[in-house]
Structure formats: structure tokens, C-alpha cells
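A.B. asks: Below are the sequence and a predicted model for it; my questions follow.
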Amino acid sequence: LRGAGIKIRRVKRGGGVSYHGPGQMVASLVCRFLRYADNAHIFLRRLEEVVLRLLAGYGVAGRRIDGKSGVFVGGDKIAAIGLAVSHSVTMHGMSINIAPEMRHYEAIIACGLAENGITSLERLGVRVDYNSVRDAWLASFEEVFGVRPYAAARGIINKGSANN
């Protein structure tokens, strides 16, 4: 990975290896989750629901797999969710594969899931740009949680493309 110019960082959370790079929408959620769910497990399931609704808007049938976090299409993971919680405040967050360089996944076992593959909207034949997915995510988040994320309201979400 280093030979391909990919920076490696160690973080304190489970899941084995996570990959974040160009072609993904990454949301780092920092909030007091107890305002939105009774426990961290329910909060995580609501984040999955945000992605499921986003995918449905593109005609993609996402699903949960018992015992695993994130969202899958068939047996392949399209969205990873990894939260850490300290003093009821969440850290880390989630990523949705729009059009990442899929060969980067060949060198890792993403999220520690050796039995599952990785997919993306592009691989599924859905051609969308970063801004479209970001806007769909924000709308789905608002539907599920009943609030608009603070960064969106303040206009500080990075604007980019699936290639940035």
C-alpha cells in the first residue's frame, strides 16, 4: 500500500483495516448519539438505514447482514460504518463507495471480512458524482434522524468529485 502512495494510520477501534480514499464519500460523525438513539447499537443501525435509503434512491437494493456492521449489496460491502464512543460522543464514522480504485482493496481484508467482497456504485453500473451522493446522504440522514447535519447547515462540507 505504501508503494502505491497510500498513507497508513493506526487508530484505536475495531474492524481490522479500513480504507478511505478517492472515490468514496466519508462522513465523520461527532455527536452525542444518545440524543438520537437509546444506545450505540441503535444509532449504528440508523446510520445503516441512511445508506439503505440512499441506495434505494439509485435503484440499488442494499441490505444488512446479521452480526456485521455496514451495508451490503448481495454479499459485497458497499458502505462501512465504524464508530467509537467516548463519554457518549461518537467518533469515526462511515464511508460509501462511489467509484474508488478497487485494486486498492486487493492488498487488504477490509473491515476484517475475509468472506465478503467490496463493491461500489460504479461497479454496480450506477454512475453518479460525489456531490449527488453527498446530497442524497444528507437528505436520507435528515429523514432518518429528523435533523440536518450541522456541517451541512453551516456550509462546511467539502465539495469534491468522486475522483477527489
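C.D. replies: Okay, I see it.
A.B. asks: can we go C-alpha only for contacts and neighbour counts from here?
C.D. replies: OK.
A.B. asks: moving C-terminal of the strand ranked longest in the chain, what's the next helix or strand?
C.D. replies: Criterion DSSP state E: the longest strand present in the chain is strand 76-86. Using DSSP states H and E, the helix or strand that follows strand 76-86 in sequence is strand 89-97.
A.B. asks: That next one to strand 76-86, inter-axis angle?
C.D. replies: If you take axes from the mean of the first three to the mean of the last three CA atoms, to 10 degrees, strand 89-97 sits at 170 degrees to strand 76-86.
A.B. asks: next helix or strand past the longest helix along the chain?
C.D. replies: Longest helix in the chain by number of residues (criterion: DSSP state H): helix 40-57. Scanning forward in sequence from helix 40-57 by DSSP H and E, the next helix or strand is strand 71-73.
A.B. asks: List the buried residues of the longest helix of the chain.
C.D. replies: For helix 40-57, a neighbour-count test (16 or more other CA atoms under 10 Å) marks 40, 43-55 as buried.
A.B. asks: what stretches of the protein score poorly on pLDDT?
C.D. replies: 1, 9-18, 104-116, 150-164 (pLDDT under 70).
A.B. asks: Now do the contacts for the residue positioned nearest the centre of it.
C.D. replies: Centroid-nearest residue in the chain: S95, 2.3 Å away (criterion: CA atoms, centre = their mean). Counting by CA atoms under 8 Å, 6 or more residues apart in numbering, S95 makes contact with H20, Q24, M25, V26, A27, A79, A80, I81.
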